[in-house]
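> Fold the following and give me the result.
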Amino acid sequence: MHAMNTPTRPTALLKKLDQSHHLHPFTDLHAYSQNGGRIYSHAEHIYISDTDGNQILDGMSGLWCCNLGYSQNNIIEAIYEQLQQLPYYNNFFNCSNQPAIELAKALVDITPAQFSHVFYTNSGSEANDTNIKLVHRYYDLLGKPQKKQIISRHNAYHGSTIAAGSLGGMNYMHKQYIGLSYVHHISQPYWFGNADLSEDKDAFGIRVARELEAKIDELGEENVAAFIAEPIQGAGGVIVPPDSYWPEVKRICEERDILLIADEVICGFGRMGELFGSEHYDIKPDLITFAKAVTNGYMPLGGVMVGDRVADVLLAKEGEFNHGLTYSGHPAACAAGIETLKVYSSSSIVEDAGKTVGPYLQAQLREFEDHPIVGEVRGMGMFAGIELVKDKSSRERLAPDSAGAIYCRNVAIENGLMLRATGDAMIMSPPLICNQDEIDSLVDKLAIALDQTAKHYSVTG
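Got it, this is the predicted structure:
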């Protein structure tokens, strides 16, 4: 490991300035202004280090984005070289740049066969905003302007702008703004949390999938434009649907005149052991949302893969698509994307996530199923969720307001493992480049956190 970079200001001063001037995302702003947090200064391989000298195994790949870890110098060099040549120019007004063009072709080459075009954004949130405009424009051009309603799922996360946040089904977000009136939500395929104790998983999957059919009938097929969903819900708690779920959703979408949007911001680029989660479930989407790992998190970049069903209509009719962003197709971000895709294509990293290291992670985590506070272990490839309970038979939660998971997360971080708490679940998405020894280290640190949490809440086996 290299020596940690030395901050240019004392840590105490940095923390004071941070508390005084920096408003953080998804943070209790009052509490942070009083208590502050950690300041990270260095990262290498799968580890992050803070200014207090603590080294932490990053079990979240940043924010689901650094799939290749923190030492991909070829990506850094590509960004630097592009900044020297063309640091910026826009893609409006019939303009383009070589990295944007080459990355578009590279993305088309690796996505399912129905995709020949891409629209660039800077994030998944903006990409899902773009999806709304694309589907509305599509149906307008087809002479069906009434088809504006969009169906999503409760507890889904599709971004944090008002439009993307409306698509998501996070109630705590919806309480703080007025969402879009044409977005509607159905149940998520969350068997552990939403099914009756005796309900078969596959029966539950079909029942929940058919809520989509019922919602379409309620709204009127002539009014519904699209259904959006993640192959596996990430921020919602790594919710793995029953095997029966996606085939039924696919059937419904194929029988109805609605578009299917697969949000692959988390599942894409190897997280599930295949380049895209859509391929695992054979979803055949019309639009794919991507971001995060497309540049390994080294530059902001997102976008929409636009299927031929939609693109052919957009290209056939004259008139501007009145949407865009200053940094759409930013040359340095696209250079990072090109180099990132080269790493995926020239290595076995994605294959290993599906066939070796991913199954090893899942097998090691399944050893916690007998732990006194673990109600369920779920996951696929290189991400997983562990649901915490006080009572396994009744699924009673460990503590009110998800306090048990928050406590467990804090213990994990203090013991050198970065995890997230979502609801009552501990969730993780370590870099795809982890080896088995590093997975063992993650699991050992997680065991300490689970044991200390069980002791704190006086739960014994």
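
> And stretch 435-450, how far out from the chain middle?
In this view, stretch 435-450 has its centroid 22 Å away from the chain centroid, taken as CA atoms, centre = their mean, to the nearest Å.

> Stretch 151-161 now?
For stretch 151-161, the distance to the chain centre is 11 Å (CA atoms, centre = their mean).

> Take that stretch, keep the C-alpha atoms, and write them as PDB.
Provided in PDB are the C-alpha atoms of stretch 151-161 (Å, rounded to 0.1, in the frame of the first residue of the first chain):
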ATOM      1  CA  ILE A 151     -45.700   2.900 -13.500                       C
ATOM      2  CA  SER A 152     -42.900   2.200 -11.000                       C
ATOM      3  CA  ARG A 153     -42.500   0.300  -7.800                       C
ATOM      4  CA  HIS A 154     -42.700   1.200  -4.100                       C
ATOM      5  CA  ASN A 155     -39.200   1.400  -2.500                       C
ATOM      6  CA  ALA A 156     -37.600   1.700  -5.900                       C
ATOM      7  CA  TYR A 157     -34.700   4.200  -6.300                       C
ATOM      8  CA  HIS A 158     -34.400   6.000  -9.600                       C
ATOM      9  CA  GLY A 159     -32.600   9.200  -8.600                       C
ATOM     10  CA  SER A 160     -33.100  12.300  -6.500                       C
ATOM     11  CA  THR A 161     -34.300  15.000  -8.900                       C
END
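
> Give me the buried stretch members for it, please.
Applying a neighbour-count criterion of 16 or more other CB atoms under 10 Å, one finds I151, S152, R153, N155, A156, Y157, H158, G159, T161 buried in stretch 151-161. Every residue, glycine included, has its C-beta placed from N, CA and C.

> Tell me what the first one is bridged to.
Pointing back at I151 there. Beta-bridge partners recorded for I151 (DSSP bridges): H184, F227.

> can you give me the strands for the stretch 301-450 of the chain?
Here the stretch 301-450 of the chain has its strands, by DSSP state E, counting those that start in this stretch, at 302-307, 374-380, 383-391, 396-397, 417-418, 420-422, 425-428.

> residues of the longest one that come out buried?
Pointing back at strand 383-391 there. So, applying 16+ other CB under 10 Å, buried residues of strand 383-391: F383, A384, G385, I386, E387, L388, V389, K390.

> Tabulate the residues you listed (a markdown table), appending pLDDT and distance to Q362.
Output for the buried residues of strand 383-391, formatted as a markdown table (pLDDT from 0 to 100; distance: CB to CB, whole Å):
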| residue | pLDDT | distance to Q362 |
| --- | --- | --- |
| F383 | 97 | 10 |
| A384 | 98 | 7 |
| G385 | 98 | 11 |
| I386 | 98 | 11 |
| E387 | 97 | 15 |
| L388 | 98 | 18 |
| V389 | 97 | 20 |
| K390 | 96 | 25 |
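
> Dump the strands of the stretch 301-450 of the chain into TSV; add distance to H21 as well.
Output for the strands of the stretch 301-450 of the chain, formatted as TSV (distance: least, CB to CB, whole Å):
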stretch	distance to H21
strand 302-307	27
strand 374-380	39
strand 383-391	34
strand 396-397	37
strand 417-418	25
strand 420-422	26
strand 425-428	31
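
> So the spatially most central residue of the chain, which state does it fall into?
The centroid of the chain falls nearest to I266 when counting by CA atoms, centre = their mean (2.8 Å). Classification of I266 using DSSP: H, G, I helix; E, B strand; the rest coil returns coil.

> how many neighbours does the closest residue to it other than its chain neighbours have?
Spatially, and ignoring its direct neighbours in sequence, I266 is nearest to G234 (3.5 Å; CB to CB, 6 or more residues apart in numbering). By other CB atoms under 10 Å, 25 other residues sit near G234.

> follow-up on the earlier one: could you dump the buried residues of stretch 151-161 into CSV with pLDDT added?
Formatted as CSV, these follow (pLDDT from 0 to 100):
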residue, pLDDT
I151, 98
S152, 98
R153, 98
N155, 97
A156, 97
Y157, 98
H158, 98
G159, 98
T161, 97
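
> Which of those fall in strands?
Mapping the buried residues of stretch 151-161 onto strands (DSSP state E) picks out I151, S152, R153.

> Tell me how far stretch 26-45 lies from the chain's centre.
For stretch 26-45, the distance to the chain centre is 21 Å (CA atoms, centre = their mean).

> quick one: average confidence on that stretch?
The average pLDDT within stretch 26-45 is 96.

> same check, this time on stretch 443-450
Mean per-residue pLDDT for stretch 443-450: 98.

> And it, what's buried?
Applying 16+ other CB under 10 Å to stretch 443-450 flags V443, K445, L446, A449, L450 as buried.

> which one is the last one nearest to, not counting chain neighbours?
With CB to CB, 6+ apart as the measure, H371 is the residue that lies nearest to L450, at 5.6 Å, once sequence neighbours are left out.

> Contact partners for that neighbour?
Applying CB atoms under 8 Å, 6 or more residues apart in numbering, we find H371 in contact with L450, A454, G461.

> Using CSV, lay out those together with distance to F26.
CSV is the format used below for the contacts of H371 (distance: CB to CB, whole Å):
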residue, distance to F26
L450, 24
A454, 27
G461, 34
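
> Keep only those of those that are in helices.
Members of the contacts of H371 lying in helices (criterion: DSSP state H): L450, A454.

> Among the contacts of H371, which one sits closest to H22?
Nearest to H22 out of the contacts of H371 is L450 (CB to CB; 32.6 Å).

> Select, out of the strands of the stretch 301-450 of the chain, the one closest to H45.
Relative to H45, the nearest member of the strands of the stretch 301-450 of the chain by CB to CB is strand 417-418, separated by 13.7 Å.

> circling back to that earlier point, let me know the distance separating the residue nearest to the centre of the chain from G36.
Noted for I266: a distance of 29 Å to G36, by CB to CB, to the nearest Å.
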